[in-house]
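next input, structure requested:
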Amino acid sequence: MNYKSYKMLSEDIKRNLFNISEDNYDIIVGIPRSGMIPAYMIGLYLNKNVTDLPSLINNRSLSKGITRKLKKEIVTAHDAERILIVDDSIMSGSSLKEAVASLPTDIRRRVTTLAIYSSEKKRDDVDIFFEFLPSPRVFEWNIYHHSILKRACVDID
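Sure, this is the predicted structure:
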């Protein structure tokens, strides 16, 4: 069983940021729910706007804190010229394919897709992935919804 914690996720993202930092994305978009945490991590590391997929589709206004200025200020999601769509992992590729298909056609041309973990070493259904992580695998953020829990012993104290 391959296991990834939040700490490991953060370390894997930091170690692989060079794969995307030169591409100068205007906005990082997380696929709810599992893609949101890695999207926010990337956005914070690169100081970029972050939003979720429904907000991109519906061209919602972006919001941010006041503590630091972003490298490029954009008002709504559709103002972004370069868009990075992020999910935590890719196995069959159906979630990512569905996410991209839900976008307006003019937005799709501006999109690059990223999965932090891939179940295959080579694939053509995602533009970038950071780490090969074969099955079986489980993540800290979804372990309580994983089928392995039926066969596991958990110590709560």
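
just say helix, strand or coil for the closest residue to residue 50 other than its chain neighbours.
In space, not counting the residues next to it along the chain, residue 50 is nearest to residue 43; the distance is 3.5 Å by CB to CB, 6 or more residues apart in numbering. Using the backbone N, CA and C atoms, a C-beta is placed for each residue, glycine as well. Under DSSP: H, G, I helix; E, B strand; the rest coil, residue 43 falls in the helix class.

what lines up beside the helix or strand of the chain with the lowest mean pLDDT in the sheet?
Counting by mean pLDDT, DSSP states H and E, the chain has its least confident helix or strand at strand 137-139, which shows a mean of 85. Paired strands of strand 137-139, with direction, are strand 2-4 (parallel) (DSSP bridges).

helix or strand: which one has residue 100?
Under the criterion of DSSP states H and E, residue 100 resides in helix 94-101.

what residue ranges in this structure are flagged as low confidence?
The chain contains residues with pLDDT under 70 at 64-71, 143-150, 152, 157.

work out which residue lies at the spatial centre of it.
Centroid-nearest residue in the chain: residue 86, 2.4 Å away (criterion: CA atoms, centre = their mean).
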